[in-house]
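Asks: Give me a model of this one.
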Amino acid sequence: MQGIEATVKDYILGEFLPGTAAGELTESTPLITGGILDSIATLKLVAFLEERFGIEIQAHEAGVDHLNTIGYIARLVRSKQ
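Replies: Residues are numbered from 1 along each chain as shown. Predicted coordinates:
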């Protein structure tokens, strides 16, 4: 995994999946539709991404289309840098 993907994966593992083996969370693991992120967790993830990468995520971007996988999240972050 590249920098953004690795950073996001580490955050999700530490914040929302403590004790989960890193290999169980892949770039294509469904985060929202898979029940890993609920609405509060999604807001926390958005706040983390904005602070860590110095970007602003619009309300319409804070959903399944942009945040459901680590791959989607990385693409969103890259599009804003």
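Asks: pLDDT below threshold where in the chain?
Replies: Applying pLDDT under 70 to the chain picks out residues 1.
Asks: what residues are up against the residue with the largest distance to the centre of it?
Replies: Within the chain, the residue lying farthest from the chain centre (C-alpha atoms, centre = their mean) is G19, at 17.7 Å. For G19, the contact set (C-beta atoms under 8 Å, 6 or more residues apart in numbering) is empty. Where C-beta positions appear, they are placed from N, C-alpha and C, glycine not excepted.
Asks: Check the one 3 residues further on too.
Replies: Residues touching A22, when contacts are defined by C-beta under 8 Å, 6+ apart, comprise 9, 13.
Asks: any idea how far the closest residue to T26 other than its chain neighbours lies from L43?
Replies: Nearest non-adjacent residue to T26, counting by C-beta to C-beta, 6 or more residues apart in numbering: I70, 7.4 Å away. In this view, I70 and L43 are 18 Å apart by C-beta to C-beta, to the nearest Å.
Asks: Same check on A59?
Replies: According to C-beta to C-beta, A59 and L43 sit 11 Å apart.
Asks: and the helix or strand containing Y72, which residues are buried?
Replies: According to DSSP states H and E, Y72 maps onto helix 70-80. Buried positions in helix 70-80, judged by neighbour count with 16 or more other C-beta atoms under 10 Å: 70-74, 76-77.
Asks: right, and out of those, which lies closest to R52?
Replies: Nearest to R52 out of the buried residues of helix 70-80 is V77 (C-beta to C-beta; 8.8 Å).
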